[in-house]
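K.L.:
Please find the sequence and the predicted model below.
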Amino acid sequence: IDQLSARERQRRDDAIAQFERFVKRYPSEAKYTPSALLRLAQLHYERAEDIYFLETEKYDRQMALFDEEKIDQAPEQPMVNYIRTIQLFGQLIRDWPNSKMLDGAYYMQGYCLSGMEQDEKAQENFQVLVEKYPESIFAQESWWRIGEYHFDAGQLEKAITAYKKVIE
């Protein structure tokens, strides 16, 4: 499994490099650049998740040693880093406003912003998605996330309104 994981990481890194070169070389190719940006953002998302998983495993090992008093200082809990993913989805949204993939870009950018604890910015994405793309496959999930945001903020009426949209 470790060998397969290492090979997967290498292939993902190779694909990222190829897509980065393509987007740099053809920044305004209407037929292919939006798809390339979407795939590149997805690859960066996968990389960020993989790095976070590895850092979490290391953290857990270090925490066990700390709990057993084999090391003096508790390790710092890792945080996922979706910055490049967020940038790429933002580029897709900004540069390709008529793309058929924007609902997914808004959703994933919002999801990543939420994962980095930028909840207000995430809500902006989810709100745009449900307003512009009410029939999107991501709309119901976005309404749920909007509801959760308002519920956590104690804004129960807004949360109820959003949850009712999920049920619809």
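P.N.:
Arrived safely. Numbers count the residues shown, from 1 in each chain.
K.L.:
pLDDT of the longest helix belonging to the chain, averaged?
P.N.:
The longest helix of the chain (DSSP state H) is helix 33-67. Average pLDDT, helix 33-67: 97.
K.L.:
Could you do stretch 137-152 as well?
P.N.:
Per-residue scores along stretch 137-152 average to 97.
K.L.:
for it, which positions count as buried?
P.N.:
By 16 or more other CB atoms under 10 Å, the buried positions in stretch 137-152 come out as 138-139, 141-143, 145-150. Where C-beta positions appear, they are placed from N, C-alpha and C, glycine not excepted.
K.L.:
what does that stretch contact?
P.N.:
Contact partners of stretch 137-152, identified using CB atoms under 8 Å, 6 or more residues apart in numbering, comprise 103-104, 106-107, 110-111, 114, 119, 122-123, 126-127, 129-130, 133, 136, 156, 158-163, 165-166.
K.L.:
hmm, try it at 6 Å
P.N.:
By CB atoms under 6 Å, 6 or more residues apart in numbering, the list of residues contacting stretch 137-152 from outside reads 103, 107, 119, 123, 126, 129-130, 158-159, 162-163, 165-166.
K.L.:
Distance from the chain centre to that stretch, please.
P.N.:
Chain-centre distance of stretch 137-152: 15 Å, with CA atoms, centre = their mean, to the nearest Å.
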